[in-house]
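Colleague: build me a model:
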Amino acid sequence: MGFIKKIFRKPTYVFSEKDLRWNKFIDEICSKEFFELNDFQKNVVVPFWYHAHCCNGGHLCYIDDFPEINPRELSNALILHGFSELADNFQQAVLNGEEDEYVNADENFGNMEGALISHLMEYVELHHEKIFHSQ
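Modeller: Purely as a prediction, here's the structure:
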């Protein structure tokens, strides 16, 4: 009986305002079509999409799923956020990734990706009014 009570116990985690804003960013802003985003939103959403797709399928997944995004646009957004090394890695993936099936680029990304998502979460928190109210 004790085991069953543990299974049906209410969750104890309460979402903070920051958590709710991050979820709102993903639900409302990241789900838009690329052409619906303004420039400020693109500079946050494009690196988010890059992170999400590289984590789920590597650079090939990102490149296949977002052919409408100019690679320079992602590189510029990464540089804007202080991730020039990640931008260089992405450019190398675009130029040479097919040679090794993106293995090198994916490995390099894996070594740097945690800092990117943490930064984007903080960036959304700091600039949430501009991100949400410029829709």
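Colleague: tell me where this protein has helices.
Modeller: Secondary structure of the chain by DSSP state H: the helices cover 2-7, 17-24, 39-65, 71-80, 84-96, 103-126, 128-133.
Colleague: got the contact list for the spatially most central residue of the chain?
Modeller: Nearest residue to the geometric centre of the chain (C-alpha atoms, centre = their mean): Phe48, 1.7 Å. Under the criterion of C-beta atoms under 8 Å, 6 or more residues apart in numbering, the contact list for Phe48 reads Ile26, Cys30, Ile117, Leu120. In this view, the C-beta of every residue, glycine as well, is placed from N, C-alpha and C.
Colleague: let's see it at 7 Å
Modeller: Shown here is Phe48, whose contacts under the criterion C-beta atoms under 7 Å, 6 or more residues apart in numbering are Cys30, Leu120.
Colleague: how far away is it from Trp22?
Modeller: Per C-beta to C-beta, to the nearest Å, Phe48 is found 10 Å from Trp22.
Colleague: now Asp39
Modeller: Here Asp39 is placed at a distance of 21 Å from Trp22 (C-beta to C-beta).
Colleague: of the two, give the one with the bigger neighbour count.
Modeller: Comparing Asp39 with Trp22 by neighbour count (other C-beta atoms under 10 Å), the higher total belongs to Trp22, at 18 against 9.
Colleague: so that one touches Met121, yeah?
Modeller: Yes - Trp22 lies in contact with Met121 (C-beta atoms under 7 Å); the separation is 5.7 Å.
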